[in-house]
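Asker: For reference, the sequence and a predicted model appear below.
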Amino acid sequence: MPRPLGELEDAVMSRVWKWNRPVTVREVLEDLQKERSIAYTTVMTVLDNLHQKGWVRREAEGRAYRYEAVSTRAAYAAALMNDAWSQSDNPAAALVAFFGMMSEEQREALRDAVRIAQVPETQKPTGTSESAEPAERTEPAERTEPAEPPENPASAQDPDGR
């Protein structure tokens, strides 16, 4: 699971994610210098570290590199949330506490995400092996009291292991 980015790593990756294109050390440096005093070699080292950690890929361009994000900021945030949630000894209670911290806008975003993530049975492609669906679903955003976590569809296999 991903470790949280450090402050400077996050500042660099924020630009890479925002610009959504291959960037040079010089471009990142010039933008960072609007907020803080920082050396070219520091930015170069941070981008090299991010490359070694797998956050960016790089391609040589002359004597320099262009760096590009390997995944999105949303995927990074999701991985951090999943990591934190998986470390809880009571995942349902952790979710309830998390939902309680959300603003109304965040809860609405959660409802939208749940709707998007739940593909109706009639829209699933035919001929797939995804037959282990829970019979009944309750949207977590609308639940008012803690409940047992839903069964993991991947673990609900038939006796033949399918």
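Answerer: Thanks, I have the structure now.

Asker: Could you report the distance from residue 6 to residue 55?
Answerer: As judged by CB to CB, to the nearest Å, residue 6 and residue 55 stand 11 Å apart. Every C-beta, even on glycine, is put in place using the N, C-alpha and C of the backbone.

Asker: And those two? Which one has more around it.
Answerer: Counted by other CB atoms under 10 Å, residue 6 and residue 55 do not tie: residue 55 has more neighbours, with 21 against 11.

Asker: what's residue 14 sitting at in phi/psi?
Answerer: phi -60, psi -40 (degrees, to the nearest 10).

Asker: Residue 66 too?
Answerer: Per degrees, to the nearest 10, the backbone of residue 66 is at phi -110, psi 130.

Asker: you'd agree it is up against residue 24?
Answerer: Yes: judged on CB atoms under 8 Å, residue 66 makes contact with residue 24 at a distance of 5.9 Å.

Asker: residues in contact with the closest residue to residue 26 other than its chain neighbours?
Answerer: Excluding the flanking residues, the one nearest residue 26 by CB to CB, 6 or more residues apart in numbering is residue 40, at 7.4 Å. Going by CB atoms under 8 Å, 6 or more residues apart in numbering, residue 40 touches 25, 26, 29.

Asker: which among these end up buried?
Answerer: 25, 29 (16 or more other CB atoms under 10 Å).

Asker: I'd like the list of the contacts of residue 40 that fall within strands, please.
Answerer: In strands, defined here by DSSP state E, there are no members of the contacts of residue 40.

Asker: from the contacts of residue 40, which single one is nearest residue 87?
Answerer: residue 25 (35.3 Å; CB to CB).

Asker: Surely that closest one and residue 46 touch.
Answerer: No: in this structure residue 25 lies outside contact range of residue 46 using CB under 8 Å: 9.0 Å.

Asker: re earlier: what pLDDT does the residue nearest to residue 26 get?
Answerer: On the pLDDT scale, residue 40 is placed at 97.

Asker: next one: residue 118
Answerer: Taking residue 118 on its own, its pLDDT is 89.

Asker: What is the burial count for it?
Answerer: Counted with other CB under 10 Å, residue 118 comes out at 10.
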